[in-house]
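Q: Build the 3D model from these lines:
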Amino acid sequence: MESVAVAFSGGVDSTFLLKVASEVLGDRVLAITNISPLTPSYDQKSVVRVAEKLGVRLKIIDVDPFKDPQFVSNPVDRCYICKRNLFKALQRIAQEEGFSTVIDGNNADDVVSHKWGMKAANELGVRSPLAEVGLTKEEIRAISREMGLTTADKPSNACLATRIPFNERITLEKLRMIDDAENFIRDIGVRQVRVRHHDLVARIEVESDDMEIILRRRIEVIRRLKELGFAVVVLDLEGFRSGSLSLFLDYQMDSHN
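A: Residues are numbered from 1 along each chain as shown. Next comes the predicted model:
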């Protein structure tokens, strides 16, 4: 690869990838970040700071997901639809800027879990160097620590649409409620949080060790989330788990069999 445009989110994987790419290719690297209503404001704040620290040129774009009615309807392959639209935009910009290849931070774990982003990347010719060399998330975190990257222990995050159950329409209002609720919970000392949007119910997922924080400050949490528009606030006793909304889909499918 003579030059690359890196799909950059400011997370563990894409930051590590951007760091290595810049060390190998120098100024033949461009970081491209998509900031849209789907992007948690928590992540928006760190992207520019991380890119500046790495000394890499950053281009910020806004691929509006609401222009695609199929995405808004929130089907099971929502992430695939979104990633395809995003990668197409990245490839167009990379070509305009004179960069030969678009690369992303998918890793070996993403290959095993058959993530929709990998499917979109493979179809469009977007390269995933971390997956290609077999690096897992934990290995990337470990190497990032050795390199002194501030993102080494950053909690994993995902776009705000992942908090809305499949086949329930995605709206700006729902995304705002989720983002504001998660920011409030982080502000009281919780590092990893998901607020799942079940219509009027907010289902809070945090790590087991952080449940005590929520319970200790439950009055504040309930008050704030109700101010945001939720009628019922619940704490999920199973704790944080990535992709938990897929379980609801599995139950729905089982009930119809």
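Q: tell me the domain boundaries of this protein?
A: Residue ranges for the domains of the chain, per automatic domain parsing: 4-147, 160-255.
Q: want to throw the ones you listed into TSV with mean neighbour count, distance to Lys154 and mean pLDDT?
A: Glycine gets a C-beta too; all of them are placed from N, C-alpha and C. Converted to TSV, the domains of the chain look like this (neighbours: other Cβ atoms under 10 Å; distance: least, Cβ to Cβ, whole Å; pLDDT from 0 to 100):
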stretch	mean neighbour count	distance to Lys154	mean pLDDT
domain 4-147	18	6	94
domain 160-255	16	9	91
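Q: Dump those domains into TSV; add distance to Asp153 as well.
A: As requested, the domains of the chain are exported to TSV (distance: least, Cβ to Cβ, whole Å):
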stretch	distance to Asp153
domain 4-147	7
domain 160-255	9
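Q: Next, give phi and psi for the closest residue in space to Leu130 that isn't next to it in sequence.
A: Excluding the flanking residues, the one nearest Leu130 by Cβ to Cβ, 6 or more residues apart in numbering is Asn107, at 4.4 Å. With angles defined as degrees, to the nearest 10, Asn107 sits at phi -120, psi -180.
Q: From Gly26, how far out is Asn107?
A: 24 Å (Cβ to Cβ, to the nearest Å).
Q: now Ser3
A: 10 Å.
Q: just Asn183 next, same as before
A: In terms of Cβ to Cβ, Asn183 sits 37 Å off from Gly26.
Q: What of Ala89?
A: Distance from Ala89 to Gly26, by Cβ to Cβ: 25 Å.
Q: got the residue ranges for the helices in the stretch 51-200 of the chain?
A: Assigned by DSSP state H, counting those that start in this stretch, the stretch 51-200 of the chain shows helices spanning 69-72, 78-97, 108-112, 116-124, 129-132, 137-147, 172-187.
Q: Dump these to TSV, plus distance to Ala161.
A: What follows is the helices of the stretch 51-200 of the chain, written out as TSV (distance: least, Cβ to Cβ, whole Å):
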stretch	distance to Ala161
helix 69-72	8
helix 78-97	6
helix 108-112	18
helix 116-124	12
helix 129-132	23
helix 137-147	21
helix 172-187	7
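Q: wait, which of those helices is closest to Leu54?
A: helix 137-147 (10.7 Å; Cβ to Cβ).
Q: which residues sit against the closest one?
A: Residues outside helix 137-147 that contact it (Cβ atoms under 8 Å, 6 or more residues apart in numbering) are 12-13, 15-16, 19, 107, 109, 130, 135, 151-153, 156.
Q: what about 10 Å?
A: 12-13, 15-17, 19-20, 23, 105, 107-110, 130, 133, 135-136, 149-154, 156 (Cβ atoms under 10 Å, 6 or more residues apart in numbering).
Q: Please export the alpha-carbon coordinates of it; CSV is fine.
A: Backbone C-alpha positions of helix 137-147 (Å, rounded to 0.1, in the frame of the first residue of the first chain) are rendered in CSV as follows:
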residue,chain,number,x,y,z
LYS,A,137,-8.5,-6.9,20.5
GLU,A,138,-6.6,-7.8,23.6
GLU,A,139,-3.3,-8.1,21.7
ILE,A,140,-3.9,-4.6,20.2
ARG,A,141,-4.6,-3.2,23.7
ALA,A,142,-1.3,-4.8,25.0
ILE,A,143,0.8,-3.4,22.1
SER,A,144,-0.9,-0.1,22.5
ARG,A,145,0.1,0.1,26.1
GLU,A,146,3.7,-0.7,25.2
MET,A,147,3.6,2.1,22.6
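Q: circling back to that earlier point, quick one: the residue nearest to Leu130 from Ile170, how far?
A: On the measure of Cβ to Cβ, Asn107 and Ile170 end up 27 Å apart.
Q: Right, I'll leave it there.
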